[in-house]
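Visitor: predicted structure and sequence below. I'll ask about it afterward.
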Amino acid sequence: MTALLPHPDRLFPADPGERDIARRLYAEVADAPIYSPHGHVDARLLLDNNHFPDPAALLITPDHYALRLLHAVGVPLDQLGVRPVGASGAGASSAAAAASAAASTETSVSGREIWRRLCENWNVFLGTPVRYWFETEFSSVFGLAEHPSPASADALYDQLVETLATEEFRPRALFERFRIAVLATTDDPADDLAAHLALRNDPTFAGRVVPTFRADRYMHANETAWPANLERLGAVSGIDTSTYAGLLEALRSRRAYFAAAGATATDTGVVDAGSEPLEVADAERLHAAALRGSLSAGEATAYRHNMLYQLAAMASEDGLVMQLHPGVLRNHHQPTFDRFGPDTGHDLPEPTHYTRPLTPILRDFGTNSTFRLVLFTVDETAFSREIAPLAGFYPSVYAGAPWWFLDSPAGIARYRSAITDSAGFTKTSGFIDDTRAFCSIPARHDMSRRSDAAYLASLVSSHQVSEDNAVGIARRLVGEIPVSTFRLAE
Amino acid sequence: MTALLPHPDRLFPADPGERDIARRLYAEVADAPIYSPHGHVDARLLLDNNHFPDPAALLITPDHYALRLLHAVGVPLDQLGVRPVGASGAGASSAAAAASAAASTETSVSGREIWRRLCENWNVFLGTPVRYWFETEFSSVFGLAEHPSPASADALYDQLVETLATEEFRPRALFERFRIAVLATTDDPADDLAAHLALRNDPTFAGRVVPTFRADRYMHANETAWPANLERLGAVSGIDTSTYAGLLEALRSRRAYFAAAGATATDTGVVDAGSEPLEVADAERLHAAALRGSLSAGEATAYRHNMLYQLAAMASEDGLVMQLHPGVLRNHHQPTFDRFGPDTGHDLPEPTHYTRPLTPILRDFGTNSTFRLVLFTVDETAFSREIAPLAGFYPSVYAGAPWWFLDSPAGIARYRSAITDSAGFTKTSGFIDDTRAFCSIPARHDMSRRSDAAYLASLVSSHQVSEDNAVGIARRLVGEIPVSTFRLAE
Amino acid sequence: MTALLPHPDRLFPADPGERDIARRLYAEVADAPIYSPHGHVDARLLLDNNHFPDPAALLITPDHYALRLLHAVGVPLDQLGVRPVGASGAGASSAAAAASAAASTETSVSGREIWRRLCENWNVFLGTPVRYWFETEFSSVFGLAEHPSPASADALYDQLVETLATEEFRPRALFERFRIAVLATTDDPADDLAAHLALRNDPTFAGRVVPTFRADRYMHANETAWPANLERLGAVSGIDTSTYAGLLEALRSRRAYFAAAGATATDTGVVDAGSEPLEVADAERLHAAALRGSLSAGEATAYRHNMLYQLAAMASEDGLVMQLHPGVLRNHHQPTFDRFGPDTGHDLPEPTHYTRPLTPILRDFGTNSTFRLVLFTVDETAFSREIAPLAGFYPSVYAGAPWWFLDSPAGIARYRSAITDSAGFTKTSGFIDDTRAFCSIPARHDMSRRSDAAYLASLVSSHQVSEDNAVGIARRLVGEIPVSTFRLAE
């Protein structure tokens, strides 16, 4: 048995003097409230406030980071609670089913079995942020005192089950304990936001949970499910989406609905950041062709690029902050997609560019004071080459925190080193946890606060920034900066 | 009020032992003369030797680094002294007007107002090289003892005005005080170099100011101003440039003129490094088409690629060192360009390649001992992937210092880490300040010397290089290396 | 005279506490046996066990790293023992001749002269891994006590000559002294592996030397030598290679032959990682066209992409570990190639992608438990963007050690920083020396062990990994990991 005791100085620099600085900076922000302006927790979790079903469904199955590395060392996804897509075949409906299945452990494998897989492979995670998050989370949130291992697996599982059955571990209690000031979810424009609205109107819940408008599925006009998605959006909005003009109108209407429900931002995930607008007539023509199922690959791309431009145009009018997450090739492994659906660990980064593809949007809205664009990347070469230089000229552009594969102590250090020269701290987004693993939220923000303290300590110890100024930056990074970047001030 | 006291150990490593090494290495070069083989100061400044007009026109308006970050946090360019382009419309003449306007504060906004904008936003620069340079410059050059802030702004401005009125702050006095051994300017081939020649013949000025031949505007045959530029070059050179052969001849003639005036180098800025030569007949055909205004985009690219090749061919004959700065997309924000002209902060980096596009030049001149090619980049991925490997094989190729967005302590550290393995120190260019902010020159070179001392100290403390050898490298980096790379030995 | 005394703490971190950790970790692996699963030493060297001919032929001429930097500072290749291609002209035969010439010093220049060139330019290597390797090798292997310099050159050469004449410096004695557990060579499929088989059957040699199947020359159907290569392969295998089906059959047959001779892996070097398969009829058509010499450039690429796919298909059947080295543009400097043939220092990196081009292979074999793919790169941007994410999902994919231009202390540090987040340690390959400089093998592995100790010490000192766990990782990296990645367990 090995004691699980995350060190109070973890992630701080080695040099004793620099470490002392980092300690002092971290102490200023360690207990600050958490702003989580982008993530994937379900609002219903907090509305229902049910006990979490079992430890694996809470901690492992929804955590892509953990899932993919276990898969990479040979654990099949179905042994981790990912449920195969039903017999209904591929397509949007089955994809949605699979997505919900992925978040559930109602499969043939028990939560205890899944937990054992993690424990057996605990050392596979050495050096990775997954291990780091789990250690903090298991220890600080759940009070586990021992490292996972084949020997400790069952006892730890029993302890987790017992813990989760307590009142202190219901979602709302954790929300408060985590000191979450704002939690943003990610939602489809056709969502009625019932959970959000109920939460706002619930006098027993004081937390702030805001939706985020994510219209991706209306941008990909060559996907099988596109016409059905359009129809659903039309039904929800009461606007005929069978024309391009109607689709834009419906999206505008739903943005207003989201804003009224508390949204301050949108999100968009695309394979590239192309944003060339189309003439209205051309867009209508492609829209009609897509409904007929006769859109070429090139036309689908043109349609998507135009939609990105139109979303920026809407953002320049309604002031919803536009988050852009380009550069991910989705569903790389077709057999896994066919069996388990999307979001099952094989969305993979590609080289990603920003300067040239974003020219149309920035030409037309880049200096518009209503417009705001937060750029994320999984291609870290873009940090110093494109994202920081863009954020360092355009008032509208902000450099998003390290995303996904880069969301780690090492990734954050490289991000700060690459971004600060051209964009300083003011033009960065503040930390984004981007997680669907609710209980990992404090561990992730804590990691970010420690990493930023370490980075700032290096600036202080090399006399590039005074310690007073570093304290100011550390505080702004966890408060004023996310609040102002995401327009969260009420 | 906060004291402005740049620390004597700034930029040195945190570990006390390693810091001591860095201190000793830096001490060896701290006061060495400055070789500035590439920059944008105007020779006329030194010829005229007038008092600087006002602090903002000297320190802020010509500094793109400062301008762009102020713009990025919402300060409009015209509040920073950038003068809108006149009613005469776009094109070369208005561009030139805008460029000169950018260096002037004869706008509706006063120097004091511009200075206040900087002071109000002083903390926006925290962690950036701009802040670092300004702190060193304000303190060491101007003797300011207090940090800029809204409260201190007016008093500091008054002190700067007073200081600039003294004899010690006229350009030549500063040139001497800065210990500038060589200052290279950047000049159009049609320039008569009158200021340079007058300076050379001025017995009261002992400094060395050399021109640099930059023929960019003759390479872009699809630009509106191209025919007029050609005509002007023809007039200056006395050679008919209406043919391609004539243009080459005129360029050759002007290179000789520049060399006679002291130039040892040329510079070229292009969006990509393509260098495929054309057959003479094809080049003549494109030249004629360009004069008729009927060049396609693809033909303009082919024309430019061929011109890059021809400039290399000339360099292999006359021995002018060829500097290449590819990878910048100029004038990204059209509305700003339309209003304020070029060089107003929105030239932005793009992914940039070298190995394949430079094949024709390196095939034909790569091992020619007269030819020398210094490669710069704003895409730092090229350092370890292409620039160092090229410099590590071709005798003609040198790895240029970190450029523009990468010209910072962090950028220099990454450059050395990425370059040294394949190119060592001998095949690097030495530091390049590349500035039009005359008074920032010593601060920039000092930053480079400190950063290199820190890097060398890390090699010494990890026993990769002896301290004796590190001293030798540090000295060579500020003397022998720029002198030999840029052929500055007289 | 300067004493040559590599420091026992070299490459360890500066902070004393962290350095102590690194020392302890290194001590655990410093004397561990060497697994060298990929390299370019000739098996015949060990079979013949002759004395090495002369110091330059052993230490300099076969070392591309040393050669290219000497060339870059102006030493012509022929002064370094690289023999010009004979009068027989270009093409495969002359290329082969040049390659063998490159490993020999039977040129007009003597070994002593070549050695003097190195000594005169010794400081050119400061800060590079070449200098680092040489210092370790000269000191630890050859007992030189003085740095090379013009003054020491002849005495050192005499000492080396004398040393090489001793029994202790014959190849087999060094093999034992180096503690090489496995040495993999790189071999053409048409090779009869006579040296390997003789070594296996030699009761006086206990070492394990295994061949590696490298079929590159059968993939490039537009190269002049392709038909002759095919014919040779056909003769060796007894299978008609004039058809595509025949070629595949011959390759399969030779893979089995290699496996029987001890091979556990293949290697492939291609300019890009494209792997789109062809229909059999299309492949046959291109094969026939290639034999007629009428293959277009595009068809040659399609043929090569398909061959890469077919090699993966074979690997998924026979379990030979597939190493992939994409992204190198071969023979960049045509005049040097014409004069000296291939492998003469001007193979140069290009931007390299993996996620998209490898889609077909990974779709069909990515989760096949027999298939294993080790990805290498000379474009380090791929580490965090593509290679680690691929290795972090696909059970078959491993992140290869830093290759070639990245094979240095700094390169290893960047590799670990970029790779570990998504791939941990388990999905990495272990160190690969990839050398044809036999005597540099221990110095290279020692560098890797020290660099990994330094990286692990940073994880320990920042409390991301316990020291116990770090010891475990350090040991696995030099034993279990290369053994299991390359299936070396017998």
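Guide: Right, received. Where do you want to start?

Visitor: please name the residues that touch the residue nearest the centre of chain A.
Guide: Per C-alpha atoms, centre = their mean, the C-alpha nearest to the average position across chain A is that of A:D434, at 2.3 Å. Residues in contact with A:D434 (C-beta atoms under 8 Å, 6 or more residues apart in numbering or on different chains) are A:38-40, A:403-404, A:407. Every residue, glycine included, has its C-beta placed from N, CA and C.

Visitor: would you state the strands of the stretch 351-490 of chain A in chain order?
Guide: Applying DSSP state E, counting those that start in this stretch to the stretch 351-490 of chain A gives strands spanning A:373-375, A:397-399.

Visitor: and the ones you listed: which comes nearest C:T355?
Guide: Using C-beta to C-beta as the criterion, the shortest distance between C:T355 and the strands of the stretch 351-490 of chain A is 20.3 Å, found for strand A:373-375.

Visitor: for that closest one, name the packing helices and strands.
Guide: Using 3 or more C-beta pairs under 8 Å, 6 or more residues apart in numbering or on different chains; DSSP states H and E as the contact test, the elements touching strand A:373-375 are strand A:321-326, helix A:359-365, strand A:397-399.

Visitor: out of the ones you listed, which is the most enclosed?
Guide: Of all the helices and strands packed on strand A:373-375, strand A:397-399 carries the top mean neighbour count, a mean of 28, counting by mean count of other C-beta atoms under 10 Å in any protein chain shown.

Visitor: quick one: mean pLDDT over that strand.
Guide: pLDDT averaged over strand A:397-399 equals 98, rounded to a whole number.

Visitor: just stretch A:344-355 next, same as before
Guide: Along stretch A:344-355, the predicted local confidence has a mean pLDDT of 96.

Visitor: now that stretch - C-alpha only, PDB.
Guide: Output in PDB follows, covering the C-alpha atoms of stretch A:344-355 (Å, rounded to 0.1, in the frame of the first residue of the first chain):
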ATOM      1  CA  THR A 344     -15.000   7.700 -27.900                       C
ATOM      2  CA  GLY A 345     -11.300   8.800 -27.800                       C
ATOM      3  CA  HIS A 346     -10.300   9.000 -31.400                       C
ATOM      4  CA  ASP A 347     -10.800  12.600 -32.200                       C
ATOM      5  CA  LEU A 348      -7.300  13.600 -33.200                       C
ATOM      6  CA  PRO A 349      -5.500  16.900 -33.800                       C
ATOM      7  CA  GLU A 350      -4.400  18.200 -37.100                       C
ATOM      8  CA  PRO A 351      -2.100  21.100 -38.200                       C
ATOM      9  CA  THR A 352      -4.200  24.200 -37.700                       C
ATOM     10  CA  HIS A 353      -4.000  27.600 -39.100                       C
ATOM     11  CA  TYR A 354      -5.700  30.900 -38.100                       C
ATOM     12  CA  THR A 355      -4.100  34.000 -39.700                       C
END
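
Visitor: report the distance from it to the chain centre.
Guide: The gap between the average C-alpha position of stretch A:344-355 and the chain average comes to 14 Å, counting by C-alpha atoms, centre = their mean, to the nearest Å.

Visitor: ditto for stretch A:244-252
Guide: In terms of C-alpha atoms, centre = their mean, the centre of stretch A:244-252 is set 26 Å apart from its chain centre.

Visitor: give me the contacts around that stretch.
Guide: Outside of stretch A:244-252, the residues that reach it under the criterion C-beta under 8 Å, 6+ apart are A:189, A:215, A:218, A:230, A:233-234, A:237, A:239-241, A:280, A:283-284, A:286-287, A:310-311, A:314, A:318.

Visitor: which of those count as buried?
Guide: By the neighbour-count criterion of 16 or more other C-beta atoms under 10 Å in any protein chain shown, the contacts of stretch A:244-252 include these buried positions: A:189, A:215, A:218, A:230, A:233-234, A:237, A:239, A:241, A:283-284, A:286-287, A:310-311, A:314.

Visitor: in contact with A:R170, which residues?
Guide: Under the criterion of C-beta under 8 Å, 6+ apart, the neighbours of A:R170 are A:49-51.

Visitor: circling back to that earlier point, now render the strands of the stretch 351-490 of chain A as JSON lines, adding distance to A:P335.
Guide: Supplementary listing: the strands of the stretch 351-490 of chain A in JSON lines, determined by distance: least, C-beta to C-beta, whole Å:
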{"stretch": "strand A:373-375", "distance to A:P335": "33"}
{"stretch": "strand A:397-399", "distance to A:P335": "37"}
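
Visitor: distance between the ends of stretch A:129-142?
Guide: One end of stretch A:129-142 to the other measures 18 Å (C-alpha to C-alpha, to the nearest Å).

Visitor: an error on my part: the question was meant for stretch A:356-376.
Guide: Per C-alpha to C-alpha, stretch A:356-376 runs 16 Å from first to last residue.

Visitor: same check, this time on stretch A:184-199
Guide: End to end - C-alpha to C-alpha - stretch A:184-199 spans 13 Å.

Visitor: I'd like the distance from it to the chain centre, please.
Guide: Here the centre of mass of C-alpha atoms in stretch A:184-199, compared against the chain's by C-alpha atoms, centre = their mean, lies 16 Å away.

Visitor: out of the contacts of A:R170, who's nearest chain B?
Guide: Proximity to chain B was ranked across these by C-beta to the nearest C-beta; first place goes to A:N49, at 41.7 Å.

Visitor: tell me the domain boundaries of chain A?
Guide: As given by automatic domain parsing, the domain ranges for chain A are A:16-50+A:170-485, A:52-169.

Visitor: and of these, who's closest to B:A382?
Guide: domain A:16-50+A:170-485 (9.8 Å).

Visitor: flag the shaky bits of the stretch 1-150 of chain A, pLDDT-wise.
Guide: Low-confidence segments of the stretch 1-150 of chain A (pLDDT under 70): A:1, A:87-107.

Visitor: any chance you could map the helices in it?
Guide: In chain order, the stretch 1-150 of chain A shows helices spanning A:16-29, A:43-48, A:55-59, A:64-72, A:92-102, A:111-120, A:129-136, with DSSP state H, counting those that start in this stretch as the criterion.

Visitor: quick one: which of these is nearest C:P62?
Guide: With C-beta to C-beta, the closest approach to C:P62 among those belongs to helix A:64-72: 37.2 Å.

Visitor: list the contacts for the nearest residue to A:F12 once chain neighbours are set aside?
Guide: The shortest distance from A:F12 to any residue other than its chain neighbours is 4.2 Å, reached at A:A22 (C-beta to C-beta, 6 or more residues apart in numbering or on different chains). Under the criterion of C-beta under 8 Å, 6+ apart, the neighbours of A:A22 are A:12-13, A:450, A:453-454, A:456-457.

Visitor: from the stretch 151-300 of chain A, which residue is nearest to chain C?
Guide: Going by C-beta to the nearest C-beta, chain C is nearest to A:V271 of the stretch 151-300 of chain A, at 10.1 Å.
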